[in-house]
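Enquirer: Just the structure for this:
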Amino acid sequence: MILTSTLNIRTIESVKILLSNIAEKQLKKIPKHIKVKFNAWCDLLKYIGLIEARKYKGFHDEPLKGERKGQRSVRLSKSYRAIYIEVDKNKFEIIEVLEVNKHEY
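Expert: Residues are numbered from 1 along each chain as shown. The predicted structure follows:
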């Protein structure tokens, strides 16, 4: 007997990820394993959306405080973070990744 299962994977077409010029430059310089994790986070956003992706504890998505109020960060490793803002929350989820850098403790 052969058992088959069907996964219902849907792509959310309403997610758009923009990269700032700074983020593009930083992505060229960071280690490969951090780029892989960043791409995994982007793929997750496209498949389940921003709100659901925030629930994944591995990325530790959190709002920032102080002069970065209004921005959010996701953890790409113990040291690296991606900083982003929500550009549009209406019909489409549009975020702009501002920076991908080493976190200062």
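
Enquirer: which residues does the residue lying closest to Leu19 once chain neighbours are set aside form a beta bridge with?
Expert: Leaving aside its chain neighbours, Leu19 sits nearest to Val97 (5.2 Å; criterion: Cβ to Cβ, 6 or more residues apart in numbering). Any C-beta I mention is one placed from the backbone N, CA and C, and that applies to glycine too. Note on Val97: beta-bridge partners by DSSP bridges are Leu19, Tyr84.

Enquirer: any weak-confidence spans in this structure?
Expert: By pLDDT under 70, the low-scoring segments of the chain are 1-14, 89-92, 104-105.

Enquirer: ok, back up a step: how many residues are close by the residue nearest to Leu19?
Expert: 22 (other Cβ atoms under 10 Å).

Enquirer: heads up, I number from 686, so please use that
Expert: Sounds good: first residue 686 from here, last item Val782.

Enquirer: who's in contact with it?
Expert: By Cβ atoms under 8 Å, 6 or more residues apart in numbering, the residues touching Val782 are 702-705, 708, 767-769.

Enquirer: got a list of what His718 touches?
Expert: So His718 contacts Ser762 (Cβ under 8 Å, 6+ apart).

Enquirer: Mind naming the longest helix for this protein?
Expert: helix 717-733 (DSSP state H).

Enquirer: Could you look up the next helix or strand downstream of that one?
Expert: Next along the chain after helix 717-733, taking DSSP states H and E as the criterion, comes helix 735-738.

Enquirer: Show me the residue sitting in the middle of this protein in space.
Expert: Trp726 (4.5 Å; Cα atoms, centre = their mean).

Enquirer: gap between that residue and Phe744?
Expert: Trp726 sits 6 Å away from Phe744, taking Cβ to Cβ, to the nearest Å as the criterion.

Enquirer: residues bridging contact with these two, i.e. touching both?
Expert: In contact with both Trp726 and Phe744: 738, 759, 761, using Cβ under 8 Å, 6+ apart.

Enquirer: from those, which is closest to Lys720?
Expert: Lys720 lies nearest to Leu761 out of the shared contacts of Trp726 and Phe744, by Cβ to Cβ, at 8.9 Å.
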